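1. Any chance you could fold what I've pasted below:
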Amino acid sequence: MENVSKILIVDDEIDVLEFIAYNLEREGFRTFIAKDGLEAIRIAKLEKPDLILLDVMMPNLDGFAAAEHFRSLRELKNTLIVFLTARNDEESELKGFTVGADDYITKPIKPKLLVSRIKALLRRKSTGNDVEVMLVGNISIDRDRHVVKVKDEEIFLAKKEFDLLSLLASKPGRVFPRTEILNKVWGDDIIVGDRTIDVHIRKIRQKVGEETIKTVKGVGYKFEM
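-> Numbers count the residues shown, from 1 in each chain. The predicted structure is shown next:
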């Protein structure tokens, strides 16, 4: 059992807990469940999970407060925290990352995509860095070699297109606000127009597929497969 990743699922809806646990156990994970933040803290201290999948709105102790507590515990310093919540507003997402989340996923999400994102996070944790070859659907992104392949066929992306695709694909399903994209891809040293992102997104879509990058009106973009 030593190589089996342990995942603690925290949600106040028992059917959600059972559904997620079923899908994760099918993929070989060992799961634990908790119905609120207080129970989650007790189980996390005991089992030391590799990843905690955490709802926000729960009785007794909500997900944000629970995450802050997890991050204060030395024994959980290497545990990944992923929010899975119906709260899809930007303010909640930013708060999630502020209290220490490694990812923020909004409901509803297809089970296969959820499992894919959990595997990607655990793989990144096991390698100890972010420069592995990312595999998302039929797209592979090799950050070290600056190579992108679609269905095993190499395609050319300009540097900013590559950086932008890498950023979005690093967390499939997560919405990246336009300001965050500008800061992470272009930085503070270059002044670019707001349309710059749109032009690069259009070029990436033409090369890797129109459906891979979704526009979230008024907010930004997200990568989906």
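2. mind listing the helices in this protein by residue range?
-> Assigned by DSSP state H, the helices in the chain fall at 14-26, 37-47, 63-72, 90-98, 111-127, 159-169, 178-181, 195-208.
3. how big is the angle separating the last one from helix 159-169?
-> So the one you mean is helix 195-208. Angle of helix 195-208 versus helix 159-169, following axes from the mean of the first three to the mean of the last three CA atoms, to 10 degrees, is 80 degrees.
4. So for helix 195-208, what gets flagged as buried?
-> Buried residues in helix 195-208, counted by 16 or more other CB atoms under 10 Å: 196-197, 200-201, 203-204, 208. C-beta: built from backbone N, CA, C; applies to glycine.
5. How about stretch 58-74?
-> Quick answer for stretch 58-74 (16+ other CB under 10 Å): 58, 61-67, 69-70.
6. distance between that stretch and the chain's centre?
-> How far stretch 58-74 lies from its chain's middle: 19 Å, per CA atoms, centre = their mean, to the nearest Å.
7. avg pLDDT for it?
-> Confidence for stretch 58-74, expressed as mean pLDDT, is 90.
8. next one: stretch 8-15
-> 94.
9. for the protein, which spans come out with low pLDDT?
-> Scanning the chain with the threshold set as pLDDT under 70 gives 1-3, 125-132, 188-192.
10. Recalculate using a threshold of 50.
-> Counting by pLDDT under 50, the chain shows low-confidence ranges at 1.
11. before we move on, the earlier item: nearest approach to residue 187 belongs to which of the helices of the chain?
-> Set against residue 187 and scored by CB to CB, the helices of the chain come closest in helix 159-169, at 10.1 Å.
12. which helices and strands does the closest one pack with?
-> Counting contacts by 3 or more CB pairs under 8 Å, 6 or more residues apart in numbering; DSSP states H and E, helix 159-169 packs against strand 133-136, strand 139-142, helix 195-208, strand 220-223.
13. what about residue 43, distance to residue 9?
-> Using CB to CB, to the nearest Å, we find residue 43 at a distance of 10 Å from residue 9.
14. what do those two both touch?
-> 32, 34 (CB atoms under 8 Å, 6 or more residues apart in numbering).
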